[in-house]
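> next input, structure requested:
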Amino acid sequence: MDITPRIGKPGPGSKPKITADLLRWYDSHARDLPWRAKPGVIADPYRVWLSEIMLQQTTVESVKPYFAKFLARWPDVTALAAAEESAVLTEWAGLGYYARARNLIAAARKLAEAHGGRFPDTEEGLRALPGVGAYTAAAIAAIAFNRRAIVIDGNIERVVTRLFSITTPLPGAKSDIRAALDPLVPEDRPGDFAQALMDLGATLCTPRAPDCLICPIRGGCSAAKAGNPGDFPVKAKKKAKPVKHGVAWLAFDAAGRLLLRTRAPKGLLANMAEVPNGGWAEGGAPPSHAPFAASWTPLAVPVIHVFTHFELRLAVHVARLASNPPAPAGMRWVSPADLDKEPLPTLFRKVIAVGA
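Presented below is the predicted three-dimensional model:
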């Protein structure tokens with residue numbers, strides 16, 4: 001398949017027309033985002049890094065309040081490096097993909113200890129940080145350090161596959177996308193170019209009903225000319241997610257406190273808070289025992305939560321006690337007013353909500 005950009009070879013010091021048109025549009029239509037530097041202002045690598053980690057697998061609107069809270073509590077990488085992991089997990093709770101938060105702490109500490117709190121300014125150096133992969137390293141290098149880097153996120157994948165009618169299914173199309181994008185990346189404004197593509201994908205070149213009529217690069221877009229932008233990107237058929245089952249025990253004492261415990265330090269949702277449960281397995285819930293003898297009432301409908309690689313269905317049993325007994329070993333009673341201080345993932349917030 002020929003994915004050579006249909007723009008001709010640029011002369012010395014010039015930009016391909018697609019690049020120039022896109023940057024011109026970006027100068028007038030860039031989104032106002034809390035982590036994005038204003039025109040003429042040098043981007044803060046800490047803000048760029050923090051936002052890019054938070055934005056993985058998460059929407060911009062979901063990230064905004066978390067970004068604001070993190071920045072207020074830990075305004076720079078040195079402050080974050082000194083934070084307790086439990087505090088970071090608590091502030092992260094609800095954002096999902098909790099390994100990101102643990103990598104955030106690990107990377108901050110590495111930056112503080114080995115780099116004097118300064119970020120490496122190359123893709124290679126950035127990729128040595130925990131939790132920083134190829135995309136994140138390229139994004140930080142381009143946006144924060146003006147390095148010419150090929151940045152490819154979901155929005156950019158969509159824009160580029162439409163521009164050049166790339167029919168290779170994702171995720172296998174990444175090398176084709178990179179080859180098509182490389183000639184377009186400018187030497188002088190690589191960060192703005194990457195952000196312009198992101199904004200174009202987020203606002204005009206959307207997954208459904210793209211607004212091709214007002215797209216600044218429609219003249220160079222193969223899919224727009226063919227009238228089939230909705231056919232791109234081509235995606236490989238997804239396999240059905242396995243379903244796991246489990247049983248959760250939601251207890252309230254006479255004071256209205258909830259019974260919680262902390263998950264193991266390794267594995268899914270490591271070190272997060274949870275409602276006592278017997279673990280999860282495919283084909284049926286593993287054997288599970290209530291944390292203490294009480295009148296437990298099973299709820300009619302399970303709590304369903306979808307993780308990246310599987311769907312979980314938790315049968316919830318609720319007990320409301322007439323006394324305030326001590327918590328079983330390894331567990332704790334937590335008042336509703338203190339739940340925000342607990343690193344509770346969305347799954348267990350759902351469990352608490354259905355039984356409250």
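
> from here on, just use CA atoms for contacts and neighbour counts.
OK.

> and the residue at minimal distance from the centre of the chain, how far from P325?
Nearest residue to the geometric centre of the chain (C-alpha atoms, centre = their mean): Q56, 2.4 Å. Noted for Q56: a distance of 42 Å to P325, by C-alpha to C-alpha, to the nearest Å.

> likewise for G256?
From G256 across to P325, the span is 12 Å (C-alpha to C-alpha).

> more neighbours, these two?
Between G256 and P325, G256 has the larger neighbour count (other C-alpha atoms under 10 Å), namely 17 against 10.

> would you check that the more buried one makes contact with W333?
No. Judged on C-alpha atoms under 8 Å, G256 makes no contact with W333 at a distance of 9.3 Å.

> residue boundaries of the helices in the stretch 251-356 of the chain?
346-355 (DSSP state H, counting those that start in this stretch).

> so which residues of it form strands?
Here the stretch 251-356 of the chain has its strands, by DSSP state E, counting those that start in this stretch, at 258-262, 273-274, 277-282, 297-298, 303-306, 311-320, 331-334.

> what packs against the last one?
Applying 3 or more C-alpha pairs under 8 Å, 6 or more residues apart in numbering; DSSP states H and E, one finds that strand 331-334 makes contact with strand 258-262.

> need the residues that contact the strand it packs on.
With contacts defined as C-alpha atoms under 8 Å, 6 or more residues apart in numbering, strand 258-262 is touched by 250-252, 271-276, 327, 330-336.

> low-confidence ranges in the protein?
Within the chain, the stretches with pLDDT under 70 are 1-14.

> most tightly surrounded among the strands of the stretch 251-356 of the chain?
Ranked by mean neighbour count, the strands of the stretch 251-356 of the chain are led by strand 273-274 with a mean of 24 (mean count of other C-alpha atoms under 10 Å).

> so what strands line up beside it?
Looking at strand 273-274 with DSSP bridges, its partner strands are strand 258-262 (antiparallel).

> ok, the residue nearest to the centre of the chain - contacts?
Contacts of Q56 by C-alpha under 8 Å, 6+ apart: none found.

> look up phi and psi at V185.
When quoted as degrees, to the nearest 10, the phi and psi of V185 stand at phi -70, psi 120.

> wait, it touches N146, no?
No. V185 is beyond contact range of N146, at 11.5 Å (criterion: C-alpha under 8 Å).
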